[in-house]
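[1] just a sequence and a predicted model for now, questions to come.
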Protein chains: 2
Amino acid sequence: MRQGYQSWVFPSKPVILASSAIGGPFEAKGPLGEDFDITHGDLMIGQDSWEKAEKVLLEEACDKALEKAGLQREQIHVLLAGDLMNQIITSSFSARTLGIPYLGLFGACSTAMEGLALGALLVESGASDYVIAATGSHNGAAEKQYRYPTEYGGQKPPTAQWTVTGAGAAVIGKQGSGLQITAATIGKIVDMGLSDPFNMGAAMAPAALSTIETHFRDLQLPHDHYDLVVTGDLGKVGHAILSELLPQHQVAIPLERYIDCGKLVYGDHPAVWSGGSGCGCVATVTYGHLFRRMRAGEWKRILVIATGALLSPISYQQGESIPCIAHAVAIEAPPAEEG
Amino acid sequence: MRQGYQSWVFPSKPVILASSAIGGPFEAKGPLGEDFDITHGDLMIGQDSWEKAEKVLLEEACDKALEKAGLQREQIHVLLAGDLMNQIITSSFSARTLGIPYLGLFGACSTAMEGLALGALLVESGASDYVIAATGSHNGAAEKQYRYPTEYGGQKPPTAQWTVTGAGAAVIGKQGSGLQITAATIGKIVDMGLSDPFNMGAAMAPAALSTIETHFRDLQLPHDHYDLVVTGDLGKVGHAILSELLPQHQVAIPLERYIDCGKLVYGDHPAVWSGGSGCGCVATVTYGHLFRRMRAGEWKRILVIATGALLSPISYQQGESIPCIAHAVAIEAPPAEEG
């Protein structure tokens, strides 16, 4: 199954039986509003704390994906989930509600593809028949934990990103109809010495580059193999940096095929600075928007590279730079049935 | 590979090529002091913060295990690591130092067996040739993050546990000589409504019971199959509770074969209340003490059940109870060579 040093290929092509995207009020009004399965008009999602609201988003994402797959919670062998909250409480409390055997993950925004890659491995290896990979974030909860109280109204530089309120889930199984997971590349930490938590796109772009380079080298693929190469979430700043780094490093991905989830989710809305971020960004854009368009036949093969800035407020306060990572998963639309 | 609903069996029996245990000053003076590979006389480990000290412990654990296995960092395909710090910074910063492709995990103290189980799966499935599973904790860092400033001198009830300052690592490979991983059981969240973070043994004991019951049922093993059944870290309080729950639930494990890492690590020292806890407790006791005695021929088959209390200070402050989980891994000494 291993190919090269950091990559896995999945000969059985585990199937994404269904996926889901749940969004908050701001996300609902964005350019991808139609791609969510459920959107909420209330940022509190009827709860009395942002943390509890985030948990409801994740639970809804899992239940909606299961409903679309026609499966019950009891049929799922493992839930692979993680989030941005300290001690990933969103995922653990959701795992309590769902009652599914649970493996907690943490990779900041890279958690989405960490979970999808491990989920594909579990199914490919026969360790599980069905798994669900899920992650999410909530703008209010993330601001409160990582930055200043929202009410303080702290100014941010134009390189900052806006944490998405949303969650996404994907149900993976051995057989059935749906998009297929063909390969994954597990990232190494890349840390270029940047330490500004308001410019994570710049910090994470080199980690994305490292994983992309490794993926093509390990799998010995031509650089134009994918119809779409998607990072999440570098935002406008990180997308521009990676667009420069790729040709500099002789990675000849056609740049018109390279997009970023953080750029897509809010379009050109001026309030979000460099774009969207958070576990919910790559998860909702990939499991909602991108997978819908793949199912509609728009793209045949995509590579999603989820990037994570693995800092904490403590590490930042102690003067540390930001260790970054990126995990990549390759997804394919099944061949059209012959008539 | 799957057996029953929550368990995996590993037909190739991935080999623990080497393991390591690193301890702090208090652990060095405990009854297991001789079982550590390295102990430190200084709680700061020469660093300027407890968090940085914890990182050094984890890095030392990985490097010592690699040295004992005769492998270089570059030969390891995946590092599976997690810890108690917010955003698992100990693991992520160690992954930066080590330069090994990295999957971040979180399961509080259950992380040790979550990593060992996933590591065995990676090797069994052919996704990796060599992996390293590692975790650790630091008393000062955990107290600061989860509870009161140490200088405040807050009193604790006798049900409280003492976070171990230490780290452990295990290198797993497909072939070679060493202890073998034969099976694993992935836990579900169990939450009996307890919400006292100073009595985690009581909160976690039912999660351990659930996973133990499931393990024996999934694998259809007699309850006296293992020479030793080890929980980590229920402490004295949790050990006593589980010792009552097992017979009540018709799990006929001979109770003289049931021990707990949190009880072992400090013996009867009065300052630690109910016993040791933290990711570093189950990791150092298992990878140091228990594995040494297995290698010495004392036990042939053991089952290690690592329990995790998946709370955060925020979830506790918001009035939530403590979701708990336990993951189990079965480990066997290889048959004695015929002479």
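    Sure thing, it's come through. Residues are numbered from 1 along each chain as shown, chains lettered A, B, ... in the order given.
[2] remind me which helix or strand A:Pro334 belongs to.
    If you go by DSSP states H and E, A:Pro334 is not part of any helix or strand.
[3] A:Asp63 now?
    Going by DSSP H and E, A:Asp63 is part of helix A:50-69.
[4] please save the CA atoms from whichever helix or strand comes after that helix in CSV.
    As assigned by DSSP H and E, the chain's next helix or strand after helix A:50-69 is strand A:78-83. The C-alpha trace of strand A:78-83 is given here as CSV (Å, rounded to 0.1, in the frame of the first residue of the first chain):
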residue,chain,number,x,y,z
VAL,A,78,-15.0,4.1,13.5
LEU,A,79,-15.5,7.9,13.8
LEU,A,80,-12.3,9.8,12.9
ALA,A,81,-12.7,13.3,14.1
GLY,A,82,-10.9,16.3,15.4
ASP,A,83,-11.3,20.1,15.7
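[5] quick one: distance of strand A:78-83 to the chain centre.
    12 Å (CA atoms, centre = their mean, to the nearest Å).
[6] and A:Gly339, what pLDDT?
    Predicted confidence (pLDDT) for A:Gly339: 48.
[7] now swap in A:Pro149 and tell me
    Taking A:Pro149 on its own, its pLDDT is 79.
[8] the one 10 residues further on now?
    Looking at A:Thr159, its pLDDT reads 93.
[9] wait, what's in contact with it?
    A:Asp196, A:Phe198, A:Asn199, A:Gly201, A:Ala202, A:Val237, A:Trp273, A:Ser274 (CB atoms under 8 Å, 6 or more residues apart in numbering or on different chains). (Glycine included, C-beta is placed from N, CA and C.)
[10] in a helix, the fourth one, correct?
    Think A:Gly201. Yes - in this structure, A:Gly201 lies within a helix as judged by DSSP: H, G, I helix; E, B strand; the rest coil.
[11] show me the shaky parts of the stretch 101-250 of chain A.
    For the stretch 101-250 of chain A, applying pLDDT under 70 flags no range at all.
[12] try it again with 80
    A:149-150 (pLDDT under 80).
[13] residues of it that sit close to chain B?
    A:101-108, A:114, A:118, A:121-122, A:124-129, A:145, A:186-189, A:191 (CB under 8 Å from any CB of the partner chain).
[14] and those residues, which of them are in helices?
    The helices, defined by DSSP state H, take in A:Glu114, A:Leu118, A:Leu121, A:Leu122, A:Glu124, A:Ser125, A:Gln145 from those.
[15] quick check, nearest of those residues to A:Arg301?
    A:Glu124 (18.2 Å; CB to CB).
[16] OK, contacts around the closest one?
    A:Met1, A:Phe10, A:Pro11, A:Ser12, A:Pro14, B:Ser125.
[17] spatially, what comes nearest to it if we skip its sequence neighbours?
    Nearest residue to A:Glu124, sequence neighbours excluded (CB to CB, 6 or more residues apart in numbering or on different chains): A:Phe10, at 4.5 Å.
[18] report pLDDT for the one you found.
    98.
[19] list the contacts of it.
    Counting by CB under 8 Å, 6+ apart, A:Phe10 has contacts A:Met1, A:Ala120, A:Leu121, A:Glu124, A:Ile181, A:Thr182, A:Ala183, A:Ala184.
[20] same check on A:Tyr148?
    Neighbours of A:Tyr148 in contact, by CB under 8 Å, 6+ apart: A:Gly154.
[21] helix or strand: which one has it?
    Using DSSP H and E, A:Tyr148 falls outside every helix and strand.
[22] now it: how far from A:Pro197?
    For A:Tyr148, the distance to A:Pro197 equals 11 Å [CB to CB, to the nearest Å].
[23] quick check: can you list the domain ranges of chain A?
    A:2-173, A:179-332 (automatic domain parsing).
[24] nearest to B:Lys300, out of those?
    domain A:2-173 (25.4 Å).
[25] compute the first-to-last residue distance for the closest one.
    With CA to CA, to the nearest Å applied, domain A:2-173 spans 20 Å between its terminal residues.
[26] where do the strands sit along the stretch 101-250 of chain A?
    A:102-104, A:130-137, A:162-163, A:166-173, A:179-185, A:228-232 (DSSP state E, counting those that start in this stretch).
[27] switch those strands over to a markdown table; also include mean neighbour count.
    Listed next are these as a markdown table, based on neighbours: other CB atoms under 10 Å in any protein chain shown:
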| stretch | mean neighbour count |
| --- | --- |
| strand A:102-104 | 27 |
| strand A:130-137 | 32 |
| strand A:162-163 | 25 |
| strand A:166-173 | 32 |
| strand A:179-185 | 24 |
| strand A:228-232 | 28 |
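[28] closest to B:Glu67 out of the ones you listed?
    strand A:179-185 (28.1 Å).
[29] now the angle from the closest one to strand A:166-173?
    Angle of strand A:179-185 versus strand A:166-173, following axes from the mean of the first three to the mean of the last three CA atoms, to 10 degrees, is 100 degrees.
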